[in-house]
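A.B. asks: What shape does this take:
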Amino acid sequence: MVLKAISFDLDNTLIDFFRMKKIACERVLESLIDVGLKVDNFEETWKKLVKIHLKEGIESNTWITRFLKEMKYELKDIYIAAGVNAYQKTRDTFLDPYPNTIPVLIHLIKKGLKLVILSDAPRMKAYRRLHKMNLYHFFDFIVTLDDTKVKKPDKLPFEMVIKKLKLKPKEIMHVGDWPVRDVDGAKSVGMKTVFAKYGVDKYRDKIGKTKPDYTIKNIKELINVVDKESK
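C.D. replies: Model prediction:
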């Protein structure tokens with residue numbers, strides 16, 4: 001079956017999201033200390049802040065409040081305001097695509113492949129990230145949480161991609177960094193799968209129920225995968 005399209009997860013597959021998150025948490029903690037928060041051990045407190053942020057959800061707006069509660073700090077409005085401002089400023093500064101991402105996307109388009117985004121992020125946040133990094137024009141369409149109301153590995157997001165592309169599942173390859181959500185989910189509907197191992201973070205499950213068709217340690221390796229599938 002000839003490969004005709006590729007669906008990409010967004011965060012930690014095209015975008016180095018966890019790098020930004022960790023830097024942002026450092027800036028948030030520095031900002032909280034600047035407005036009066038007393039911290040005994042910066043490194044340990046930072047690690048706790050990162051863990052809470054990722055556990056609460058990378059799309060959550062309540063993680064700073066949860067951090068203050070779990071650490072038994074006073075819930076001062078100035079703490080929350082300072083933390084939110086520091087996070088937003090850092091996000092806009094450090095949110096970048098992985099190295100080689102744009103050349104890889106150009107190569108795939110030149111090969112005649114349709115490219116789409118399949119993300120669990122809300123639609124507007126996904127579009128903002130794509131626009132900020134000048135990636136939006138590479139993709140035929142995006143499918144987000146707002147479209148499906150359920151997250152991967154539920155079949156619905158993948159089935160929506162298949163329907164919109166008007167292709168057979170085996171003609172589509174899904175690339176993602178999460179074995180459970182991306183690999184298991186895509187496999188469940190019959191898609192080819194590529195595990196973006198470079199995007200895996202220690203705070204999430206690393207092992208899914210199914211084995212990916214390919215595993216890559218750098219996004220540029222996707223070129224070799226596609227060339228192999230095209231033969």
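A.B. asks: what about the helix or strand harbouring residue 129, distance to the chain center?
C.D. replies: Assessed by DSSP states H and E, residue 129 sits inside helix 123-132. Helix 123-132 has its C-alpha centroid displaced from the chain centroid by 12 Å (Cα atoms, centre = their mean, to the nearest Å).
A.B. asks: Just the residues contacting that helix, thanks.
C.D. replies: Helix 123-132 is contacted from outside by 10-11, 15, 59, 92, 95, 117, 119, 121, 135-136, 139, 142, 144-147, using Cβ atoms under 8 Å, 6 or more residues apart in numbering. The way it works is simple: take the backbone N, C-alpha and C, and place the C-beta from them, glycine included.
A.B. asks: let's see it at 6 Å
C.D. replies: Contacts with helix 123-132, where a contact means Cβ atoms under 6 Å, 6 or more residues apart in numbering, come from 10, 15, 119, 136, 142, 144, 146.
A.B. asks: cool, stretch 136-148 as well?
C.D. replies: Here stretch 136-148 makes contact (Cβ under 6 Å, 6+ apart) with 105, 114-123, 126, 130, 156-157, 160-161.
A.B. asks: Buried residues of that stretch, list them for me.
C.D. replies: Under the neighbour-count criterion of 16 or more other Cβ atoms under 10 Å, stretch 136-148 has 138-139, 142-145, 147-148 buried.
A.B. asks: Quick one: end-to-end distance for that stretch.
C.D. replies: Chord length of stretch 136-148, first to last residue, is 20 Å (Cα to Cα, to the nearest Å).
A.B. asks: That stretch - what's its average pLDDT?
C.D. replies: For stretch 136-148, mean pLDDT is 97.
A.B. asks: ditto for stretch 94-113
C.D. replies: For stretch 94-113, the mean per-residue pLDDT is 94.
A.B. asks: That one: how far from the chain's middle?
C.D. replies: The gap between where stretch 94-113 is centred and where its chain is centred comes out at 16 Å by Cα atoms, centre = their mean.
A.B. asks: coming back round to it: what's the farthest-apart pair in the contacts of helix 123-132?
C.D. replies: Distances among the contacts of helix 123-132 were taken as Cβ to Cβ; the most separated pair is 15 and 146, at 18.3 Å.
A.B. asks: show me the contacts for the nearest residue to residue 133 once chain neighbours are set aside.
C.D. replies: Spatially, and ignoring its direct neighbours in sequence, residue 133 is nearest to residue 97 (5.2 Å; Cβ to Cβ, 6 or more residues apart in numbering). Taking Cβ under 6 Å, 6+ apart as the contact definition, residue 97 lies against 14-15, 133.
A.B. asks: separation between residue 97 and residue 56?
C.D. replies: Residue 97 sits 25 Å away from residue 56, going by Cβ to Cβ, to the nearest Å.
A.B. asks: Then residue 67?
C.D. replies: From residue 67 over to residue 56 the distance is 8 Å, taken as Cβ to Cβ.
A.B. asks: again, but for residue 170
C.D. replies: Spatial separation of residue 170 from residue 56 under the definition Cβ to Cβ is 37 Å.
A.B. asks: Check residue 122 too.
C.D. replies: Counting by Cβ to Cβ, the gap between residue 122 and residue 56 amounts to 15 Å.
A.B. asks: Fine by me, we can end here.
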